[in-house]
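Chemist: quick one, what's the 3D model for this:
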Amino acid sequence: MKYLITERQLKLIKEQDEILELDFDFFNNNWDILQRFVKRRGNPPYIITGNLYLENTDIKSLGNLQSVGGELDLYKTNIQSLGNLQSVGGYLDLRESKIQSLGNLQSVGGDLYLNNTKIESLGDLQSVGGYLNLYKTNIQSLGNLQSVGGFLNLTYSEIQSLGNLQYVGGSLGLRNTSLSETTTTEEIRNIPNLTIEGEIYL
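Modeler: Residues are numbered from 1 along each chain as shown. Prediction:
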């Protein structure tokens, strides 16, 4: 079935500094149609202004997607890298996906679910506004991550270093990790420039 974009919808697709602003709804929430449209425009960088739900699909690449204004759901997909994606305004769900790299991702406004994935590095990620779930991952260091607004769950992960972490708005879960065996709650509380508002679970 072929879908056409109306003139009114086309007017709402803005082009600023060669970055397309697109609404997934205009493409009937069909990823293939959106990609054909972008390809016809020469594959420029683009952003999705609202939500992008791609769960349980065979998607493997986000192309030149730069940001998602709302939620991004990649649950149970074949995605391995987020490529050029820099920010997600809402939650980002990567549970049970094949994700290995967060690419250029720097911020997630809501929750970030990476539990039960093979992710080993957070790359350029600096902030997560809500809950960060790294349960049963191969993460050894939080790298450049500075802030988590909610609960930071590292239970059963391979974590060995909190990296550049400065703030956790909720609790910190470290049970069944090497850190739970080698550090105390007091030692974690005394890490310079690190504030944890909630409990520390060792």
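
Chemist: hey, where'd the helices end up in the protein?
Modeler: With DSSP state H applied, the chain shows helices at 7-12, 31-40, 178-182, 185-189, listed in chain order.

Chemist: give the buried residues for stretch 189-202.
Modeler: L194, I196, I200, L202 (16 or more other C-beta atoms under 10 Å). All C-beta atoms are positioned from the backbone trio N, CA, C, and that covers glycine.

Chemist: so what touches that stretch?
Modeler: Outside stretch 189-202, the residues within contact range by C-beta atoms under 8 Å, 6 or more residues apart in numbering are 151, 155, 162, 165-175, 179-180, 183-185, 188.

Chemist: show me what the one residue sitting closest to the centre of the chain is bridged to.
Modeler: Centre of the chain computed as the mean C-alpha position; nearest residue by C-alpha atoms, centre = their mean is L92, 4.6 Å away. Per DSSP bridges, the residues bridged to L92 are L72, L112.

Chemist: and the pLDDT for it?
Modeler: At L92, the predicted lDDT confidence score is 98.

Chemist: how about I19?
Modeler: Per the predicted model, pLDDT is 85 at I19.

Chemist: neighbours around it, how many?
Modeler: 14 (other C-beta atoms under 10 Å).

Chemist: which stretches of this structure have low pLDDT?
Modeler: Scanning the chain with the threshold set as pLDDT under 70 gives 1-17.

Chemist: what about 80?
Modeler: For the chain, the stretches with pLDDT under 80 are 1-18.
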